[in-house]
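Participant: mind folding the following:
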Amino acid sequence: MRKQLLALGVLCALLPGLVLHTQAAEAPAVSAASAVLMDGETGRILYARNENEPRAIASITKLMTALVAAEWAQGDLSRTVIIRQEWTGIEGTSLYLRAGEKLTLETLLYGLLLHSGNDAAVALAASCAGDVETFVGWMNQRAQDLGMTNTHFSDPNGLGDENHYSTALDMARLGAACLQNPTVAKITATRSITLEGRSFTNHNKLLWLYPGCTGMKTGYTRQAGRTLVSSAEKEGQTLVCVTLNDRNDWTDHQALLDYGFETFPRQVLAEEGETFRQVPVEGSLLRQVPAVARGEVAWPLREGETVRTEIDLPASVQAPVTQGEIAGTVTFYVGDRKVGETYLVWGKSAGLDVVSPDSERSPLGFLKKLAGME
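Facilitator: Numbers count the residues shown, from 1 in each chain. Next up is the predicted model:
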């Protein structure tokens, strides 16, 4: 079956359903030593400053602690943890855990992410893995899995030594992964909660300051300065923002998030079920079948960016055709960069056209009808 490749250069403004903002905001000036603004769905970097520079990260470390613990728990946060003496008395922000106290994983996770309890981090790590060192190994392995190539953890709470570091880009990758975990995403979005007699209020002021904020985590040490990972959602688009060593982090995050939403709005390049081409069918009463997108494809586009669409489909198809079977692909490019792809599937079924000799649709049947022999 012969394949035909169609390459179509299409301006963004001419794509179906695509509307771009008429004005693009200028990138804001920020106080951070390092910063990244990332589109959470696609991973596109919308703003970056010293994004690959390793730095101390303080308590935003606890996003990885929470992610690893939540994945270990597999959604069951009711497990009871009996607090050991060696998990208490940890320096810095604390839940003031007591030896012999019984708390659920849920309470410890909320205490970790909302109150930023350093003792909660140690208790979670040791209770999940058996000891803190093993858990930290899990954290570093998870970082590798996420492509955090400039990151190393030495503890679960961010109080670590010079071997505990990450970058703004790596922390944005971690933030996006946390949003994909229902447990972590729910907790970081919580403003306040009371569990097992303990009340927690989220340290992330953006939950009150910025409409659409969905999390995530604050941090501070003398070595790291103020660190912050935030996320926000607007009109179906999610952004992740990271600043390291930023004395004006609340203001900078709001400015960066506004910049991202205004300058790089989410644009749908293919809707699920959208017809991209009608393909001729041979050997069937149905002369054409639609090739439709199996899934949605979206990309954050800046004004003036051009999208090129490549459709890979057969020039024709032989019956029978089954609805839902893969027909080809549609791929989208901005410049030379591939920004999205989805399968095209048949939107209808087309059966074989079986014609009996006596049918008036057959040559013999047609002649018989003309001759009045029927």
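Participant: which parts of the stretch 51-200 of the chain are helices?
Facilitator: Ranges of helices within the stretch 51-200 of the chain are 62-73, 105-113, 118-129, 132-145, 168-180, 182-188, based on DSSP state H, counting those that start in this stretch.
Participant: run through who's touching the shortest one.
Facilitator: The reference is to helix 182-188. Residues outside helix 182-188 that contact it (Cβ atoms under 8 Å, 6 or more residues apart in numbering) are 63, 66-67, 70, 73, 75, 77, 109-110, 113-114, 178-179, 202, 204, 214-217, 231. Every C-beta, even on glycine, is put in place using the N, C-alpha and C of the backbone.
Participant: of those residues, buried ones?
Facilitator: 63, 66-67, 70, 73, 77, 109-110, 113-114, 178-179, 202, 204, 214-217, 231 (16 or more other Cβ atoms under 10 Å).
Participant: wasn't Ser231 part of a strand?
Facilitator: Yes - assessed with DSSP: H, G, I helix; E, B strand; the rest coil, Ser231 lies in a strand.
Participant: just the C-alpha atoms of stretch 267-287, please, in PDB.
Facilitator: Taking Å, rounded to 0.1, in the frame of the first residue of the first chain, the C-alpha atoms of stretch 267-287 are listed here in PDB:
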ATOM      1  CA  GLN A 267      -2.900  26.300  21.800                       C
ATOM      2  CA  VAL A 268      -4.600  23.100  20.700                       C
ATOM      3  CA  LEU A 269      -3.000  21.800  17.500                       C
ATOM      4  CA  ALA A 270      -5.200  18.700  17.300                       C
ATOM      5  CA  GLU A 271      -8.400  17.800  19.000                       C
ATOM      6  CA  GLU A 272      -9.300  14.300  19.800                       C
ATOM      7  CA  GLY A 273     -11.600  13.100  17.000                       C
ATOM      8  CA  GLU A 274     -10.700  15.900  14.700                       C
ATOM      9  CA  THR A 275     -10.600  14.900  11.000                       C
ATOM     10  CA  PHE A 276      -7.400  15.600   9.200                       C
ATOM     11  CA  ARG A 277      -8.100  13.900   5.900                       C
ATOM     12  CA  GLN A 278     -10.600  11.800   4.000                       C
ATOM     13  CA  VAL A 279      -8.900   8.800   2.500                       C
ATOM     14  CA  PRO A 280     -10.400   6.900  -0.600                       C
ATOM     15  CA  VAL A 281     -11.500   3.300   0.100                       C
ATOM     16  CA  GLU A 282     -11.200   0.600  -2.600                       C
ATOM     17  CA  GLY A 283     -13.600  -2.300  -2.600                       C
ATOM     18  CA  SER A 284     -16.300  -0.800  -0.500                       C
ATOM     19  CA  LEU A 285     -19.600   1.000  -0.900                       C
ATOM     20  CA  LEU A 286     -18.200   3.700   1.400                       C
ATOM     21  CA  ARG A 287     -16.000   5.700  -0.900                       C
END
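Participant: give me the distance from it to the chain's centre.
Facilitator: Mean C-alpha position of stretch 267-287 versus that of the full chain (Cα atoms, centre = their mean, to the nearest Å) differs by 29 Å.
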